[in-house]
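Q: A predicted structure for the sequence below; I have some questions about it.
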Amino acid sequence: MPLVVDSFVMGPFSSNCYVVRRERAAPEAAVIDPGDDPTPLRLELARMGATTAGILVTHTDVDHIGGVAALAEGTGAEVWAPEVEVEALRQGRTRGGLTVPPHDPAHTVKGGDEVTVAGITFDVLDVPGHSAGHVAFNHDGELLARALLLAGSVGRVDLDGGDWDTLLASVRGLLDRFPHHTVVYPGHGPATTLGRELETNPFLRELRAEHA
């Protein structure tokens, strides 16, 4: 059965925060990348009849962790953050010198790990390129790839830790591992699929040629 994935656009960067549940009436949710003041999100969760069972962080840019500390402290939910980038969250200082409320997560993750939150088991994938320690969370063909791959675009690579060849290799790895109908939930904009991006994304021309 597909997960129930609700997207909430947060903050001045219009980043997607995802609330993921096993089913519509599930009493617990995993929250992915709360990037700004979580007060409206908490009100919406209450309306849904759901609590925050855990917070998953894909990478530590300001628009993906701005609300982590407040949500964790306000709900008591534990946080899982990427091992390579965890110091940015602990220190409250992100790329470019931007600051967020600091938080020391209960858990760090890396590719190959499994995380179970709200009754949902996610596989953790290393997907560097946009940032050095970016991870994605996958559950049964639903991929929270965040700032790696977007509908019609990809994550920027001009900040510290970004690298175009590494990003392309990460996308290639997803295409090799998952079927083309795999749903991708990006950090900005609408959901898409791996196949749609392979066919139409102007940034993936090289990969398109490889798969021709």
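A: Sure, I can see it. Residues are numbered from 1 along each chain as shown.

Q: Which residues are in contact with V127?
A: Counting by CB atoms under 8 Å, 6 or more residues apart in numbering, V127 makes contact with 134-136, 145, 148, 170, 173-174. Using the backbone N, CA and C atoms, a C-beta is placed for each residue, glycine as well.

Q: State the three-state secondary structure for the nearest residue to it once chain neighbours are set aside.
A: Distance criterion CB to CB, 6 or more residues apart in numbering; nearest residue to V127, sequence neighbours excluded, is S170 at 4.2 Å. Recorded secondary structure, S170: helix (DSSP: H, G, I helix; E, B strand; the rest coil).

Q: Would you agree S131 is in contact with G161?
A: Yes - assessed by CB atoms under 8 Å, S131 is found in contact with G161 at 4.6 Å.

Q: Spell out which residues are contacts of both of these two.
A: Both S131 and G161 are contacted by R95, under the criterion CB under 8 Å, 6+ apart.

Q: Which one of the two is surrounded by more residues?
A: S131 (32 against 20; other CB atoms under 10 Å).

Q: how about that one, what does it touch?
A: Taking CB under 8 Å, 6+ apart as the test, what S131 contacts is 59-61, 85, 95, 147, 155, 159, 161-162.

Q: Closest one of these to A118?
A: Distance to A118, by CB to CB, is smallest for H59 among those, at 21.0 Å.

Q: what about the strands in this protein?
A: Secondary structure of the chain (DSSP state E): strands at 4-10, 15-21, 28-32, 51-56, 78-82, 107-109, 114-117, 120-126, 135-139, 142-146, 149-150, 153-154, 183-186, 192-193.

Q: Turn those strands into JSON lines, columns for mean pLDDT, mean neighbour count and distance to H211.
A: Listed next are those as JSON lines, based on pLDDT from 0 to 100; neighbours: other CB atoms under 10 Å; distance: least, CB to CB, whole Å:
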{"stretch": "strand 4-10", "mean pLDDT": "96", "mean neighbour count": "17", "distance to H211": "27"}
{"stretch": "strand 15-21", "mean pLDDT": "97", "mean neighbour count": "24", "distance to H211": "27"}
{"stretch": "strand 28-32", "mean pLDDT": "98", "mean neighbour count": "26", "distance to H211": "28"}
{"stretch": "strand 51-56", "mean pLDDT": "98", "mean neighbour count": "23", "distance to H211": "30"}
{"stretch": "strand 78-82", "mean pLDDT": "98", "mean neighbour count": "24", "distance to H211": "28"}
{"stretch": "strand 107-109", "mean pLDDT": "98", "mean neighbour count": "19", "distance to H211": "29"}
{"stretch": "strand 114-117", "mean pLDDT": "98", "mean neighbour count": "15", "distance to H211": "29"}
{"stretch": "strand 120-126", "mean pLDDT": "98", "mean neighbour count": "20", "distance to H211": "20"}
{"stretch": "strand 135-139", "mean pLDDT": "98", "mean neighbour count": "24", "distance to H211": "20"}
{"stretch": "strand 142-146", "mean pLDDT": "93", "mean neighbour count": "26", "distance to H211": "18"}
{"stretch": "strand 149-150", "mean pLDDT": "96", "mean neighbour count": "26", "distance to H211": "15"}
{"stretch": "strand 153-154", "mean pLDDT": "97", "mean neighbour count": "19", "distance to H211": "16"}
{"stretch": "strand 183-186", "mean pLDDT": "97", "mean neighbour count": "22", "distance to H211": "16"}
{"stretch": "strand 192-193", "mean pLDDT": "97", "mean neighbour count": "20", "distance to H211": "14"}
